[in-house]
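In: pasting the sequence and the predicted model now:
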Amino acid sequence: MRRLAVLSVVIGLLVAPPLASAQSNPFGPLPQPVPEATPEPTPAPGSPQAQVSRTTLALIGLGVLLLFVAVGWAITRDARRNLTEEDRAALERETSGAAGRTKPPAGKAKAKARQKGKAQRQARRRARR
């Protein structure tokens with residue numbers, strides 16, 4: 001086994017120098033490839049590369065839209081089926097709107113913010129004088 005390994009190394013060393021000397025200048029520029037003239041393929045009129053009509057694209061878009069709506073409906077339906085009693089009670093409170101409201105109505109909050117901004121502007125005017 002050892003003799004076979006030594007023999008293969010010796011043969012490899014004897015064969016490698018002639019192959020390496022076949023290159024005249026290994027750092028020289030690469031030869032330019034010869035350009036080949038390729039004819040432009042023309043698609044046949046009945047080929048699968050023919051253009052798709054707007055009607056077909058509209059039907060595909062409608063199908064995708066219906067698919068998204070169906071998936072959303074199925075997810076919502078499954079989520080409502082798996083609600084716990086606590087979640088159902090919280091959903092009821094949220095939809096009724098009266099019980100446990102912590103935020104003031106949006107109109108009152110805006111009016112309060114406007115009033116605060118007005119007071120700040122007046123304070124700045126007084127400070128300038």
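Out: Perfect, thanks for sending it. Residues are numbered from 1 along each chain as shown.
In: and the strand or helix carrying D87, which residues are buried?
Out: Element membership for D87, per DSSP states H and E: helix 85-96. Using 16 or more other Cβ atoms under 10 Å as the test for burial, helix 85-96 gives no buried residues. Glycine gets a C-beta too; all of them are placed from N, C-alpha and C.
In: immediately after it, which helix or strand?
Out: Counting by DSSP H and E, what follows helix 85-96 is helix 106-128.
In: mind saving the C-alpha coords of that following helix as PDB?
Out: Extracted C-alpha coordinates of helix 106-128, given in PDB (Å, rounded to 0.1, in the frame of the first residue of the first chain):
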ATOM      1  CA  ALA A 106     -61.700  62.000  20.600                       C
ATOM      2  CA  GLY A 107     -63.400  65.400  20.200                       C
ATOM      3  CA  LYS A 108     -62.800  66.300  23.900                       C
ATOM      4  CA  ALA A 109     -59.200  65.200  23.700                       C
ATOM      5  CA  LYS A 110     -58.600  67.400  20.600                       C
ATOM      6  CA  ALA A 111     -60.300  70.400  22.200                       C
ATOM      7  CA  LYS A 112     -58.100  70.000  25.300                       C
ATOM      8  CA  ALA A 113     -54.900  69.700  23.200                       C
ATOM      9  CA  ARG A 114     -55.900  72.900  21.300                       C
ATOM     10  CA  GLN A 115     -56.500  74.700  24.500                       C
ATOM     11  CA  LYS A 116     -53.200  73.600  25.900                       C
ATOM     12  CA  GLY A 117     -51.400  74.700  22.700                       C
ATOM     13  CA  LYS A 118     -53.100  78.100  22.800                       C
ATOM     14  CA  ALA A 119     -52.000  78.600  26.400                       C
ATOM     15  CA  GLN A 120     -48.400  77.800  25.500                       C
ATOM     16  CA  ARG A 121     -48.400  80.200  22.600                       C
ATOM     17  CA  GLN A 122     -49.700  83.000  24.800                       C
ATOM     18  CA  ALA A 123     -47.100  82.200  27.400                       C
ATOM     19  CA  ARG A 124     -44.300  82.500  24.800                       C
ATOM     20  CA  ARG A 125     -45.700  85.800  23.600                       C
ATOM     21  CA  ARG A 126     -45.700  87.100  27.200                       C
ATOM     22  CA  ALA A 127     -42.100  86.000  27.700                       C
ATOM     23  CA  ARG A 128     -40.900  87.900  24.600                       C
END
